[in-house]
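A.B. asks: A predicted structure for the sequence below; I have some questions about it.
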Amino acid sequence: MFIELDFESEDPIYLQLMRQIIEGIAKKELLPGDALPSVRSLAADIGINLHTVNKAYQQLKQEGFLQIHRQKGVMIHPDGIPKATEAYKMALEKNLRPLIAESICRDLKQEDFSEICERIFDNLMHGGN
């Protein structure tokens, strides 16, 4: 998996890293049990602070995407990613709400918004960018 960070982005580096790992899992580029580089190794490889990588890894562990062992290292959770719960769906709705509101303010039609979502979903499920 190739990590590409935008150091000029308003999004924090740890969040960009988390999103790319999650996208790698969604695209099946990263499978349950796959090893990830150590915190120190990944930080050195992409030229960021090791605390940034650690923050991303710890958050992904907390959300059930990663498992971290002292001896085995960091890996995609071998049991797979937890399925969507009602709490997850509520959080998803909360996160989508401002994006939809801004889209309405910018006169983006519902069908256009839906088409964008469907295209992204399809790309992640079946490969592509």
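C.D. replies: Structure's in. What do you need?

A.B. asks: only C-alpha atoms for contact and neighbour calcs from this point on.
C.D. replies: Fine.

A.B. asks: Report how many residues lie close to Leu30.
C.D. replies: Look at Leu30: counted by other C-alpha atoms under 10 Å, it has 18 neighbours.

A.B. asks: domains in this structure, as residue ranges please.
C.D. replies: Under the assignment automatic domain parsing, the domains of the chain span 13-76, 86-125.

A.B. asks: Buried deepest among these, which one?
C.D. replies: domain 13-76 (a mean of 17; mean count of other C-alpha atoms under 10 Å).

A.B. asks: Between the two ends of that one, what distance do you get?
C.D. replies: Chord length of domain 13-76, first to last residue, is 20 Å (C-alpha to C-alpha, to the nearest Å).

A.B. asks: pLDDT on the longest helix along the chain, on average?
C.D. replies: Longest helix of the chain, by residue count under DSSP state H: helix 86-105. The average pLDDT for helix 86-105 rounds to 97.

A.B. asks: Which elements pack onto that helix?
C.D. replies: Helix 86-105 sits against no helix or strand, with contacts defined as 3 or more C-alpha pairs under 8 Å, 6 or more residues apart in numbering; DSSP states H and E.

A.B. asks: Run through who's touching it.
C.D. replies: Helix 86-105 has contacts (C-alpha atoms under 8 Å, 6 or more residues apart in numbering) with Lys109, Phe113.

A.B. asks: picking up where we left off before, can you put the domains of the chain in JSON lines and add distance to Glu4?
C.D. replies: Formatted as JSON lines, the domains of the chain follow (distance: least, C-alpha to C-alpha, whole Å):
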{"stretch": "domain 13-76", "distance to Glu4": "8"}
{"stretch": "domain 86-125", "distance to Glu4": "17"}
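
A.B. asks: Tell me how far the spatially closest residue to Lys27 that is not a sequence neighbour lies from Cys117.
C.D. replies: In space, and not counting its chain neighbours, Lys27 is closest to Leu124: 5.2 Å by C-alpha to C-alpha, 6 or more residues apart in numbering. Distance, Leu124 to Cys117, using C-alpha to C-alpha: 11 Å.
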